[in-house]
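Colleague: Dropping a prediction and its sequence here:
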Amino acid sequence: MAGSVAFGPVSSRRLGVSLGANNIPAKTCTYSCVYCQVGKTSRLCTERRAFFDAHEVAVQVADKLRSARTAGAKVDYITLVPDGEPTLDIKLGEEIRLLRGLGLPVAVITNASLLWRAAVREDLAGADLVSVKVDALDSGLWRRINRPHPNLAFGRVLDGIEEFARGFKGRLISETMIIGRAGQDFNALADFLDRLEGLEMAYVSTITRPPAEAWASPASEGSLKAIGATLSRTLGGERVSILPRHEGDLPALSAIDDVEGSVLGIVAVQPLREDVLKSYLMKAGLDWEVVEKLIVANKIRATQFCGQRYLQRIFEDVGGQAGRQRVKR
């Protein structure tokens, strides 16, 4: 297996401390969301296939988990949150089963675009927690924000989410990305989410890291509060949560780790603020030279967003040349 699929631990705004499993190569997805922090989709597809060996994925995650525990980090979840859409992996069900064998709950963060497929619902049934994305209840807005594969039908996607909710026995949460001036209908959103059986929490977030499209802007604090109030009137305030704009520091990094690999693994799926990354390295007794080497090697780059400096992974494009930074949940 080329490269590492395991990364973290990282602070998750939904799951506490999460150890990530990146089971999809960058950037293979059913959507090309305008706000995606991993960037524009280079391989837009809907057909499932095998990407990595499921047992090797579990081995790499187990190794990373041991390293995290050696460093004194507490891990709450193993999370399948890759550079693309995790349900495109035809081995997803097997990976979930193997990862649960490591003794921690397994979460899957999905854009929910393939839940109309029975095989996908069956694979996800083994997870302890599934987060489904619902950004729009209007097909035109869905196509403008999520930019789905042309083979996807909006009504079928929504039907698939409802069908999955009816049969899923684990914890079900949703996430909605709010974009400034996008014109989303939050009353329709509230009604749809209220129909999802067993929905534990509806999370609302806005853009906090450099998006795929520069025109995609964050929503204001006032807008987020108003949206939260709209959803709460239907769902109840205890089932609506506005995610904070920034999470806390990363857990400590072990000095015996593959430091460059750890940094690259995290910024591949979660661009990091410079101050957070500096703190992360300091906890392991390391200096900024590690990052400078990665910048010189054209593996990461620095960019400004909302007055903050972020470090992002530079991926190879389909032709093998260093491509535009693909900046993803």
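Modeller: Sure thing, it's come through. Remember, it's a predicted structure, so these values are computed and weren't measured experimentally.
Colleague: What are the boundaries of the helices in the stretch 201-329 of the chain?
Modeller: 221-235, 259-269, 274-282, 289-296 (DSSP state H, counting those that start in this stretch).
Colleague: most neighbours per residue, which of those?
Modeller: helix 259-269 (a mean of 21; mean count of other CB atoms under 10 Å). All C-beta atoms are positioned from the backbone trio N, CA, C, and that covers glycine.
Colleague: From the chain's centroid, how far away is it?
Modeller: Here helix 259-269 is found 15 Å from its chain centre; the criterion is CA atoms, centre = their mean, to the nearest Å.
Colleague: Please name every helix or strand in contact with the helix or strand bottoming out on mean pLDDT in the chain.
Modeller: None of the helices or strands of the chain scores lower by mean pLDDT, DSSP states H and E than helix 259-269, at a mean of 72. When contacts are defined as 3 or more CB pairs under 8 Å, 6 or more residues apart in numbering; DSSP states H and E, helix 259-269 packs onto strand 6-12, strand 16-21, helix 274-282, helix 289-296, strand 300-305, strand 308-313.
Colleague: looking at those, which is closest to P86?
Modeller: Comparing those by their distance to P86 (CB to CB), the top pick is strand 16-21, with 8.7 Å.
Colleague: so how far is E221 from P86?
Modeller: 31 Å (CB to CB, to the nearest Å).
Colleague: K133 is in contact with A112, isn't it?
Modeller: Yes. The criterion here is CB atoms under 8 Å, and K133 meets it with A112 at 5.4 Å.
Colleague: pLDDT below threshold where in the chain?
Modeller: 1-3, 182, 244-258, 268-270, 284, 306, 315-329 (pLDDT under 70).
Colleague: Centroid-wise, who is the farthest residue in it?
Modeller: G285 (28.8 Å; CA atoms, centre = their mean).
Colleague: Neighbour count: K133 and A112, which is higher?
Modeller: Neighbour tally, K133 and A112, criterion other CB atoms under 10 Å: the higher count belongs to A112, 26 against 21.
Colleague: For the more buried one, give me its contacts.
Modeller: Contact analysis of A112 by CB atoms under 8 Å, 6 or more residues apart in numbering lists 132-134, 157, 160-161, 164.
Colleague: Now go through those residues and say which are in strands.
Modeller: Judged by DSSP state E, strands contain the following of the contacts of A112: 132-133.
Colleague: Show me how far stretch 55-70 is from its chain's centre.
Modeller: 19 Å.
Colleague: In it, which of the residues would be classed as buried?
Modeller: If you call a residue buried by 16 or more other CB atoms under 10 Å, then stretch 55-70 has these buried ones: 57-58, 60-62, 64-65, 67-68.
Colleague: So T28 sits against E47, correct?
Modeller: No. The pair T28 / E47 is not scored as a contact, 10.6 Å apart, by CB under 8 Å.
Colleague: shared neighbours, the two?
Modeller: L88.
Colleague: Mind checking which of those two has more residues around it?
Modeller: T28 (19 against 10).
Colleague: Who is the more buried one paired with across the strands?
Modeller: Applying DSSP bridges to T28 gives these bridge partners: R43.
Colleague: List the residues that contact it.
Modeller: Residues in contact with T28 (CB under 8 Å, 6+ apart) are 41-43, 45, 51, 83-85, 88.
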